[in-house]
Each structure stands twice: as C-alpha cells, then as structure tokens.
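**Student:** got a predicted structure plus its sequence, pasted below:
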Protein chains: 2
Amino acid sequence: MPEKFTKLDKEFLDNYDSSTYDKPSITVDLLVFTIEEEELKIVMIRRKNSPYRGMLSLPGAFVGMEETLDEAASRGIREKTGLKDIYFEQLYTWGEVNRDPRMRIISVSYMALVSIEELYRVAGSSEISSHLYCVDTLLQSKENIAFDHMEMIAYGRERIKNKVEYTQLAFEFLPEKFTLPQLQKINEILLGKELYKANFRKKIKDMVVETKEFTSGGAHRPSKLYVRKNNNDNIEN
Amino acid sequence: MPEKFTKLDKEFLDNYDSSTYDKPSITVDLLVFTIEEEELKIVMIRRKNSPYRGMLSLPGAFVGMEETLDEAASRGIREKTGLKDIYFEQLYTWGEVNRDPRMRIISVSYMALVSIEELYRVAGSSEISSHLYCVDTLLQSKENIAFDHMEMIAYGRERIKNKVEYTQLAFEFLPEKFTLPQLQKINEILLGKELYKANFRKKIKDMVVETKEFTSGGAHRPSKLYVRKNNNDNIEN
DNA sequence: CAAATAGTGTCTTTGAGACACTATCGT
DNA sequence: ACGATAGTGTCTCAAAGACACTATTTG
C-alpha cells in the first residue's frame, strides 16, 4: 500500500500549523421548501450586489467556528425566515473551485420543509410570499440563478421526489391536523403525477391516525381530520 | 421576512476580508470498500500518533485550495491505495465542533468501491490485506475507532445496503467478466441475506450480457461468463 | 454414477393499479 | 333532487417469493 504522505495528508496534522495554509470558507446553503397554492415553492433572495446582482439566490450562512453544520443550518433558517424546529436534513456538499467568483467557498446544502401555514405565521404572509418561487418553473425557466444554486435546487427537487416514495416526507408540508384529500394532494404535487384515491389510502393507512373531528363549510361531504402517526406508536400494535 | 444580516451572513461577503476570520479546515475521509473472502471489507489505517494513537482510522486527505472535493477524494484514493478510475461517490459531511481534538475540521466522506482483484493488482495483495477489515465485525466490535469514523462506516454500510436494491452497485466489486453465481454472492453479502437463485436471475437479467466463455476447472458444471450491460445499450433494444 | 454446482419452469403470494360504486354535505 | 367532494369494495395484473426440477462437469 503506497504510503506517500504528502503535505496535505491528514497524518501531517501532527506537525501542522493551522494558520500556515490558506483554507476555503465554509457556508451552508438553505433550500426551504413549502407548498403554496398547490405548487412546490422555495425561498429565494434577489441579490442586491455583484456577483450575480439582480439574480435569485438561495439563502445561506457562514459556518462559525463554534457551531456544527446542523447548527449553522438551523440558525440560517431562523435568521432568514424566523422558523424554528422545522424538519431539515443535509443534502450534498458543493466544492467546485470557482463556484463563487469572489473566493473559495465550499457549501453544504440543506433542505428544510415547512407548511405554508407555519411559514405565514412566523415570517408574515406578505413578506414571505414575495420570496417564494415555484420550483418547477425555476427549473424549466431560462432565468439565470446565482452561483450553482440551480443545480442545488434540482438536487433538492430530486431528493424530495425520491424520498416521498418511501418516507413520510409529505407530512412536513401539512399542519398537525389534516384530511386525507389534503395529504393526497401534497403527494401528487411532490411526485408530479396524479394518484388513485383508493390505492393511495391503502398505502398510507398505517401512517395516520384518525381523529373525531371533521372539516366543515364546503358544499359537500365533510372530510375526517387525521394526525400523523408517531413512529413510536408502532410498539403498541 | 426577517432580514437580520449578521456578520456571518453571506451577503456580508461583499465587505468580507477573507483573512479576518478563523476558518475550519476541510478534509475528505475515504471509505474504500471491497469484498475479500466473502466479506465486505474496508481499508483502514492504524494511527501512529496521538490523538487516538494505535486505533484504526479511515484514510483521508486535506482539500487543497485548487482542487474540487471530488478531486481531493480521487487524489486521496490514489495516494493511499494506488487506485485510479474507480467508482466513488460523496456520502455525507461531518461537522461536529470537536470531532477532531486538535482543531476544527469539517470532513466530507466519500465511499469508493473496488474489486479485490483490482485492489491486489494495484496495491499489492499482501500490503493491502493487512489494511482490510471486515465491516460488520468492526461495527459490532467494541474496538475503538478513531474520531467519528465508526459513524461514517455505519453510514456507508447503510448506503450500500440501500443502493444495492435499486442500482447496479454490486458490479463494482467484480472484475469485468463474472458469473451469475458470483454476482449473486456479492449481492447476498451486501444485503446481508440469502437470495433465491431463480428469482435473482429474473431480476438482474436485463443488467447483464452473456459472453461465449465459461469457467472451467471445478468438479461440476461450468458457469457462463457475463459482462455488465452498458446502460447506453438500452437504446439499441 | 455420485457429488457438486449451474441453470430453468412454474405455482403462490403480495401489492400496485384501475375503476366502479356508495356516502354526506350545502343549496 | 343535484352538484360536489369524501370515502370504500373488488377485479386485474405484474413482480417477488418459494420450491422443485433438469443440466453438465470431474473423479
């Protein structure tokens, strides 16, 4: 086994002066997804300065020396939208040398999912709405998006599409209590295709628990409200 | 939408002096998997220095200012094993504040998959064998592993298990020409369970192309050799 | 021909997909 | 009663699972 320990090798750390070498900066870039008006949307900011002035970019934050990546992501989400305690997960780390023309920046992308009700409540509906963009429109459009953020959005979109199939991701876009037609609609939007009602209900029946409440007001049969089944509840069954 | 741009915000970059703030260092940590003697194994190095002196650790490399993350991973694999042009993919980025007691290091983990024949050929069979450890034994053992590398191995092991189900990952562990019993054995090792021969063959029949060659020498019926079907070949069909 | 491994045919079971039906609200 | 949406029963079909069988080599 070749043991060519170069200057950059990790064993070299033992005689390594942290200040000797130039280092990349580390940021997190945040893909905050929600569903508004039956469309998957993402929070974006129009850049006020160069580079990419006037173009859309993802919100982000530098990773401080005393915080983990998850903490930086969580802080970034809170600073930009006010949201706390929402679902998020790390996606991928982007390290092209010139992905930011100003300096070498390596960015860890995170996606966060939140219901539109919670987003309106915390960020203000009019303030946040102007920052929400339809994901599929962005991806199809020729509108230029800053940095490699278009790639990041495409990556996040794919992740959602894949993960909806085998996880309970869809619930993150709904309030605590919801109807099965609502849940089905969310799934259809995330998957990009229509589903058969009876089949959909068979598939998700073990993930939800019915309540005794119903919707009301529509000129049609009321819909029963459900809550998400806690995974720990499985032990009871 | 709260627009509290803190010192660490990315828009702040416009008046940001790259040298002002202390930064984390960035490394790649490498999970080089192979299959030797019907076991999934991983390349590990026993540490010669503190911290974690005498414990096993993953090979790694610093990310240079002029190389991408993929390039750093590729270079690291080459420097430590001699391997070039093998399959690898980024897994996850680890950013706990004190994951390395010496200094703040954020590490992007990569996994690489290679056949034992190729590994022997390039690294030398005796040299590399002393660095190969059975993954499932490591994960079950109480043997201490340096840094957060145990978590990384567990993460990589899961990724393989999941991805084998819906991709052609298993082929990476085999030489160019292989038999279906070999391919089945690889799948069984990666999945951690036995498979029915007839069912397995139905499932993978569109991923392989038979050659006119056979194995020989065993005191039993010879096995036909196959090659992996190039995905581009789908166009022909 | 016996032992060993390679390779195939087919029945069963499970779950996805498709579609038709019934139920309950407001007007 | 009617329009609209909520909710259910069941047939079809394809894939996964299980198992039994045949095939070809060496000694």
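**Tutor:** Yes, it's here. Quick caveat, the model's predicted, so the values are computed rather than measured.

**Student:** how about the residue nearest the centre of chain A, secondary structure?
**Tutor:** Residue closest to the mean C-alpha point of chain A, counted by C-alpha atoms, centre = their mean, is A:Met111 at 2.4 Å. Per DSSP: H, G, I helix; E, B strand; the rest coil, the secondary structure class of A:Met111 is strand.

**Student:** list the contacts of it.
**Tutor:** A:Leu30, A:Leu31, A:Val32, A:Phe33, A:Phe88, A:Glu89, A:Leu91, A:Gly156, A:Arg159, A:Ile160 (C-beta atoms under 8 Å, 6 or more residues apart in numbering or on different chains). (C-beta placed from N, C-alpha, C; glycine too.)

**Student:** hmm, A:Ala73 and the fifth one touching each other?
**Tutor:** Right, the one you point to is A:Phe88. Yes - between A:Phe88 and A:Ala73 there is a contact under C-beta atoms under 8 Å: 6.0 Å.

**Student:** these two: who's more crowded?
**Tutor:** Shown here are A:Phe88 and A:Ala73; by other C-beta atoms under 10 Å in any protein chain shown, A:Ala73 has more neighbours (26 against 23).

**Student:** before we move on, the earlier item: quick one: the residue nearest to the centre of chain A from A:Ala61, how far?
**Tutor:** From A:Met111 across to A:Ala61, the span is 15 Å (C-beta to C-beta, to the nearest Å).

**Student:** and the longest strand anywhere in chain A, how far from the chain's centre?
**Tutor:** Longest strand of chain A, by residue count under DSSP state E: strand A:25-36. Its chain's C-alpha centre and that of strand A:25-36 lie 6 Å apart, by C-alpha atoms, centre = their mean, to the nearest Å.

**Student:** and what of stretch A:83-102?
**Tutor:** 10 Å.

**Student:** state the mean pLDDT of it.
**Tutor:** The predicted model assigns stretch A:83-102 a mean pLDDT of 97.

**Student:** list the buried residues in it.
**Tutor:** Residues of stretch A:83-102 classed as buried by neighbour count (16 or more other C-beta atoms under 10 Å in any protein chain shown): A:Leu83, A:Ile86, A:Phe88, A:Gln90, A:Leu91, A:Tyr92, A:Thr93, A:Trp94, A:Gly95, A:Glu96, A:Arg99, A:Asp100.

**Student:** out of those residues, which touch chain B?
**Tutor:** Among the buried residues of stretch A:83-102, the residues within reach of chain B (C-beta under 8 Å from any C-beta of the partner chain) are A:Gln90, A:Tyr92, A:Thr93, A:Trp94, A:Gly95, A:Glu96, A:Asp100.

**Student:** who are the contact partners of the residue lying closest to A:Ser57 once chain neighbours are set aside?
**Tutor:** Setting aside the residues directly before and after it, A:Ser57 is nearest to A:Ala146 in space (C-beta to C-beta, 6 or more residues apart in numbering or on different chains), at 3.8 Å. Residues in contact with A:Ala146 (C-beta under 8 Å, 6+ apart) are A:Arg47, A:Pro51, A:Tyr52, A:Met55, A:Leu56, A:Ser57.

**Student:** any residue of stretch A:30-46 up close to DNA strand D?
**Tutor:** No - counting by C-beta under 7 Å from any atom of the strand, DNA strand D is not contacted by stretch A:30-46; separation bottoms out at 12.9 Å.
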